[in-house]
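> Predicted structure and sequence below. I'll ask about it afterward.
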Amino acid sequence: MTPNPSLAVSSEVAPELEAARSAVPSGTSSTAPSGTSSTERLIGVDLARGLAVLGMYSVHVGPDVSVGGPVGFLLETARGRSSALFALLAGFSLVIITGRPCPRTGRAGRQAVGRVVIRAVVLVMLGYALSALDTPIDVILSFYGVLFLAVLPLHRMRVATLALIAAAGALVLPQILYLVQKAIEDGTWPDAVIAADPLARITGTDGLIELLFTGEYPVLTWMPFLIAGMAVARLDLGRPGVRSRLALVGGVCTVLGYGGSWLALRLVPHALSAVAAATDGGSASSAWWSDTVGDPEGSTPPAWLLVAAPHSQTTFSIVGNMGVALVVLSTCLALSGGMPRLSRSAAPLAAVGRTALTLYVLHIVALWFFTD
């Protein structure tokens, strides 16, 4: 269920539609009029995305976390949490394209939806093309393309509705994914589905079953991140106290996710030993926050649902990672809106965030070229 740590874990990317700004028609406001300007808020999003890019690079080309100390801790912190931040920002960008604060209607609305669909298809194709290079990175782009299509029908919903759906998804979808994966392990029906799947035939992969259920970034458990990002984008981030409340919600989610996993693994009888046995002696004691726990080998025990390791696809993992993403985003928004001098000094980092998709593709090509 989780990427192999020896392969620098899974890819963390921001295919958040770099043309988000250009998608806003001339004369149309993409944000609420109060408080900070839309430009300042977009800079804050770019700063957050730039931090995620740095985290991605630290995972893919940085030293191993075994170096220990503060450097090892930072490297370990970037694992999985960078991809969660990217996914949250993807939902934010989707709302910018389809209309913020109010969804576009009529011809403009149809054109915006069409742009998202086209970009989603391109991401799927690009993802499979990069995967064909056979680098150590688990390319996320194809999963992102399907994720955009999966959450696009929700783009007209209000903040409260989106937040409720994201919360319900985080609570329910990991359990559904676990049951589906067990059914895939125990049944022969997936072979029939794959045989009938045109995507599987074209790409030589497991097609939609991989994208939805068995891949490194299953759509079923990554949807809550995008939906939460859509909810954040619907907020009036210029109103006093909104960003601080957003940071508070993020902090609470972080504690509930990682702290809840820590407690559950120790209070549920034999949970730690079951996780350790499933991962062939992995660091079960750190399963509440770290990928060093390893991957389940063979059948995944129910105790795995108590783990919060960044790529474990559990409720605790989603809630904790989402909390970190919300804290980082709210901090970047606060810096861009309240500290213009510091924001200007961080302009290079924001520039990195604006070109995240390009940098992601280039770094995979570079890894293929220099390690082939």
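Arrived safely.
> From now on I want contacts and neighbour counts done on CA atoms only, so please keep to that.
OK.
> now the protein, which segments are flagged as low pLDDT?
Within the chain, the stretches with pLDDT under 70 are 1-41, 281, 340, 343, 372.
> can we see that at 80?
1-42, 66-68, 101, 240, 280-282, 337-344, 372 (pLDDT under 80).
> From the contact counts, what lies against the strand or helix carrying Leu147?
Taking DSSP states H and E as the definition, one finds Leu147 inside helix 141-151. Applying 3 or more CA pairs under 8 Å, 6 or more residues apart in numbering; DSSP states H and E, we find helix 141-151 packed against helix 106-131, helix 219-234.
> relative to helix 106-131, how tilted is it?
Here the directions of helix 141-151 and helix 106-131 differ by 150 degrees (axes from the mean of the first three to the mean of the last three CA atoms, to 10 degrees).
> export the helices and strands packed on helix 141-151 to CSV and tack on distance to Leu88 and mean neighbour count?
Shown next, in CSV, are those (distance: least, CA to CA, whole Å; neighbours: other CA atoms under 10 Å):
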stretch, distance to Leu88, mean neighbour count
helix 106-131, 16, 17
helix 219-234, 4, 27
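> Out of the ones you listed, the one nearest Ala200 is which?
Closest approach to Ala200 among these (CA to CA): helix 106-131, 11.0 Å.
> just checking, what packs against that closest one?
Using 3+ CA pairs under 8 Å, 6+ apart, helix 106-131 is in contact with helix 81-98, helix 141-151, helix 356-371.
> follow-up on the earlier one: list the buried residues in whatever helix or strand comes next after the helix holding Leu147.
Using DSSP H and E, the helix or strand that follows helix 141-151 in sequence is helix 159-186. By 16 or more other CA atoms under 10 Å, the buried positions in helix 159-186 come out as 159, 162-163, 165-167, 169-171, 173-175, 177-178, 181, 184.
> before we move on, what about stretch 345-356?
Quick answer for stretch 345-356 (16+ other CA under 10 Å): Ala346, Leu349, Ala350, Val352, Gly353, Arg354, Thr355, Ala356.
> and that stretch, C-alpha only, in PDB?
Only the C-alpha atoms of stretch 345-356 are listed here, as PDB (Å, rounded to 0.1, in the frame of the first residue of the first chain):
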ATOM      1  CA  SER A 345      12.200  38.100  -0.600                       C
ATOM      2  CA  ALA A 346      10.500  34.800  -1.100                       C
ATOM      3  CA  ALA A 347       9.700  35.600  -4.700                       C
ATOM      4  CA  PRO A 348      12.100  33.000  -6.100                       C
ATOM      5  CA  LEU A 349      10.300  30.300  -4.000                       C
ATOM      6  CA  ALA A 350       7.000  31.500  -5.400                       C
ATOM      7  CA  ALA A 351       8.400  31.300  -8.900                       C
ATOM      8  CA  VAL A 352       9.300  27.700  -8.300                       C
ATOM      9  CA  GLY A 353       5.700  27.100  -7.200                       C
ATOM     10  CA  ARG A 354       4.400  28.600 -10.400                       C
ATOM     11  CA  THR A 355       6.300  26.200 -12.600                       C
ATOM     12  CA  ALA A 356       5.900  23.100 -10.400                       C
END
